[in-house]
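Peer 1: coords below, sequence missing:
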């Protein structure tokens, strides 16, 4: 056992040392995980169980990869329902005045916007 066995013995010693360090590191990590998990156990009292709904009504516009901004009427469901309920019995000018009376200034729209929205969204009376 001359020079040939010495490198093998050094490699074996290095391997044992690496295993010992690996075991010590695993023990240290487990201890640290226990110390960190205890304060976090009570942090979330009520986990989220409900399905997350689209918070923004303009999400459909983005989902369809349409450019630009959606029409203000499409972005405001209450406004669109309000207009749809009255559009068959009023003119666009009357609708503009009715919306102005029922909604605050930042939600009001003009008759041209109502007309553009209606021509784009009205149901077709006959197939194309």
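Peer 2: Done, it's in. Small disclaimer: the values here were computed from a predicted structure and weren't measured. Numbers count the residues shown, from 1 in each chain.
Peer 1: how about low-confidence regions in this protein?
Peer 2: Under the criterion pLDDT under 70, the flagged ranges of the chain are 1-5, 39-58, 125-128.
Peer 1: Could you break it into its assigned domains?
Peer 2: The record's domain parsing of the chain by automatic domain parsing lists 1-41, 68-121.
Peer 1: Just say which of the ones you listed is most tucked in.
Peer 2: Stretch with highest mean neighbour count among the domains of the chain: domain 68-121 (a mean of 14; mean count of other CB atoms under 10 Å). Yep, even glycine has a C-beta here, placed from its N, CA and C like the rest.
Peer 1: distance between the ends of that domain?
Peer 2: For domain 68-121, the first-to-last residue distance is 17 Å (CA to CA, to the nearest Å).
Peer 1: Number the residues from 8 up from this point.
Peer 2: All right, first residue 8 from here; so that's domain 75-128.
Peer 1: still on that earlier bit, tabulate the domains of the chain (JSON lines), appending distance to residue 69.
Peer 2: Formatted as JSON lines, the domains of the chain follow (distance: least, CB to CB, whole Å):
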{"stretch": "domain 8-48", "distance to residue 69": "35"}
{"stretch": "domain 75-128", "distance to residue 69": "9"}
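Peer 1: Residue 90 against residue 120, yeah?
Peer 2: No - counting by CB atoms under 8 Å, residue 90 does not reach residue 120; the two are 10.1 Å apart.
Peer 1: which residues are in contact with both of the two?
Peer 2: Shared contacts of residue 90 and residue 120, defined by CB atoms under 8 Å, 6 or more residues apart in numbering, are found at residue 80.
Peer 1: Which parts of this structure are helices?
Peer 2: Applying DSSP state H to the chain gives helices spanning 12-48, 66-70, 79-82, 84-93, 99-109, 118-128.
Peer 1: which residues sit in contact with the nearest residue to residue 120 once chain neighbours are set aside?
Peer 2: Ranked by CB to CB, 6 or more residues apart in numbering and with sequence neighbours excluded, the top spatial neighbour of residue 120 is residue 79, at 6.6 Å. Shown in contact with residue 79 (CB under 8 Å, 6+ apart): 86, 114, 116, 120.
Peer 1: Could you dump those residues into JSON lines with distance to residue 131 added?
Peer 2: JSON lines is the format used below for the contacts of residue 79 (distance: CB to CB, whole Å):
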{"residue": "86", "distance to residue 131": "23"}
{"residue": "114", "distance to residue 131": "29"}
{"residue": "116", "distance to residue 131": "23"}
{"residue": "120", "distance to residue 131": "21"}
